[in-house]
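Asker: Sequence and predicted structure, then a few things I'm wondering about:
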Amino acid sequence: MVNYTKERERAIIVGVIFPNQTRTQVEEYLDELELLADTAGADVVCRVYQERERPDPAYFIGKGKAEQIAKIVEEEKIDIVIFDDELSGVQVRNLEGIINCKVIDRTTLILDIFASHARTAPAKIQVELAQLEYLLPRLTGRWRHLSKQYGGIGTKGPGETKLETDRRLVKRKIAVLKRKLSELDNQRKEQRKGRKDIFRIALVGYTNAGKSTLLNALSDADVYVEDKLFATLDATTRIVKLSPTRKVLLTDTVGFIRKLPHHLIASFKSTLDEIVEADILIHVVDISSPNFKEQIRVVEETLTELKTSDKPTIIAFNKIDKLENRDMIYRLSNEYKNAVFISASRGVNIQALKDKISQMIDERYVEVELKFNLSSKQTSNSNAISLIYKFGEVLDVKYEDDGHLILKVKIEKRFLPKISPLIPV
């Protein structure tokens, strides 16, 4: 095992400006990359930019720029160089040959953070699977930053072993992890079956938007909260009381981010299924972020990838206590449907959010009158009436002289197909 240093590493971050991008845009991307590096335990000493028509197949950047970085690495005693774009195994090998220090890309950095923050067995399995699937096509004899020559960022997880020297062993390990995840997925499906009768809501949003803080504010829970990217990875579910007579299940899910590795989305499928099976989504947005609109776009694209973009959604613009220009609230309320403006940490407008949830739940209900012939003694009658009391709210009961029972029921539209076939025409 590698003995990781507890000292923070000194890093250079590298951004490439392609023709369809502006320097300002790439600077914003590197702002986020610097936050990721900080979360992983590195201090960014400097940034390097290069304008290119296309990536260089051998080095991603130009060889001359790589040599320039090598000089900075030597002068500033840099431990790690982090690229904002995904690198191939060949590019990493060639860059390390010139720069003579550890080189990783954004995906490796994100996977490293996930490895550091994984607490439960399912999270650890999901992260290790994502790491192995990302590493498999990049295994080469000189994939040096996974060897014992280096520690620190980019080496956590399967890289600590010599798995990279044997593709067959890696593939075998991937198969084992997938089998374990499948077993866990089946267990979660069984657990979710017991929740079918209660309304389910999932919190989604960009990482560090304040989802866990909002879960705590709505449910009086004690979910771990830290002002870091990807502070929590596991789906956490709590009961939330919207009113004395109405309860819902609220689940906090892993945060999204620009260029979220596809291997992570695939590996975290069982966790993200909480989003797929939710009745309503609450999209939490950090309104104080200068890039919140792009963050909204990233989350919406990820939801589309999960095939959940058509779900009823509340946009909870969080951290309004950090806003200097309150006019933005008025503009956004006109621009976005079902928007609520809150401060989860201060408890501002939490009741308004609960009211909005109740309103959206009510829109999914319908009031119907159902008539049963009690004299017929059909088994379907008793089955239907049992289901009505289980899934709906009986508002009124009438017994008619001819032996008919009339129930006035408020019920979710999704449950009607279960009951209707049991009611005699």
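Answerer: Nice, I can see it.
Asker: my guess is residue 276 contacts residue 308, does it?
Answerer: Yes. Between residue 276 and residue 308 there is a contact under Cβ atoms under 8 Å: 5.7 Å. For every residue, glycine as well, the C-beta is placed using N, CA and C.
Asker: who's more crowded, those two?
Answerer: Shown here are residue 276 and residue 308; by other Cβ atoms under 10 Å, residue 308 has more neighbours (18 against 13).
Asker: Could I get the full set of strands for the stretch 1-150 of the chain?
Answerer: 9-17, 42-51, 80-83, 102-105 (DSSP state E, counting those that start in this stretch).
Asker: Format those strands as CSV; extra columns: distance to residue 354 and mean pLDDT.
Answerer: What follows is those, written out as CSV (distance: least, Cβ to Cβ, whole Å; pLDDT from 0 to 100):
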stretch, distance to residue 354, mean pLDDT
strand 9-17, 41, 96
strand 42-51, 40, 95
strand 80-83, 42, 97
strand 102-105, 42, 94
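Asker: Ok, which of those strands comes nearest residue 389?
Answerer: Between residue 389 and the strands of the stretch 1-150 of the chain, the shortest gap by Cβ to Cβ is with strand 102-105, which sits at 56.9 Å.
Asker: Output the closest one in PDB with nothing but the alpha carbons.
Answerer: Presented in PDB, the C-alpha positions along strand 102-105 are these (Å, rounded to 0.1, in the frame of the first residue of the first chain):
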ATOM      1  CA  LYS A 102       2.600  13.300 -12.000                       C
ATOM      2  CA  VAL A 103       0.100  14.300 -14.700                       C
ATOM      3  CA  ILE A 104      -3.600  13.600 -14.400                       C
ATOM      4  CA  ASP A 105      -6.800  14.900 -16.000                       C
END
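Asker: so what strands line up beside that strand?
Answerer: Using DSSP bridges, strand 102-105 pairs in its sheet with strand 80-83 (parallel).
Asker: Off-centre distance for the strand it pairs with?
Answerer: Distance of strand 80-83 from the chain centroid (Cα atoms, centre = their mean, to the nearest Å) equals 25 Å.
Asker: what's next to it, contact-wise?
Answerer: 9-14, 16, 33, 37, 42, 60, 69, 73, 95, 99, 101-106, 109, 152-154 (Cβ atoms under 8 Å, 6 or more residues apart in numbering).
Asker: Which neighbouring elements make contact with the worst-scoring helix or strand of the chain on mean pLDDT?
Answerer: Taking mean pLDDT, DSSP states H and E as the measure, the helix or strand of the chain with the lowest value is helix 262-267, at a mean of 72. Secondary-structure packing of helix 262-267 (3 or more Cβ pairs under 8 Å, 6 or more residues apart in numbering; DSSP states H and E): helix 106-117, helix 121-135.
Asker: centre of the chain versus stretch 25-34, how much separation?
Answerer: Using Cα atoms, centre = their mean, the offset of stretch 25-34 from its chain centre is 20 Å.
Asker: err, stretch 205-219, not the other one
Answerer: On Cα atoms, centre = their mean, the centre of stretch 205-219 falls 12 Å from that of its chain.
Asker: and if you look at stretch 309-329?
Answerer: The answer for stretch 309-329 is 18 Å, by Cα atoms, centre = their mean.
Asker: for stretch 96-107, same thing?
Answerer: 28 Å.
Asker: end to end, how far does it reach?
Answerer: Stretch 96-107 has its terminal residues 17 Å apart, counting by Cα to Cα, to the nearest Å.
Asker: Go through that stretch and flag the buried ones.
Answerer: The neighbour-count check on stretch 96-107 (16 or more other Cβ atoms under 10 Å) flags 96, 99, 101-107 as buried.
Asker: JSON lines for the residues you listed, including distance to residue 213?
Answerer: Putting those into JSON lines (distance: Cβ to Cβ, whole Å) gives the following:
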{"residue": "96", "distance to residue 213": "40"}
{"residue": "99", "distance to residue 213": "40"}
{"residue": "101", "distance to residue 213": "37"}
{"residue": "102", "distance to residue 213": "34"}
{"residue": "103", "distance to residue 213": "35"}
{"residue": "104", "distance to residue 213": "30"}
{"residue": "105", "distance to residue 213": "30"}
{"residue": "106", "distance to residue 213": "26"}
{"residue": "107", "distance to residue 213": "27"}
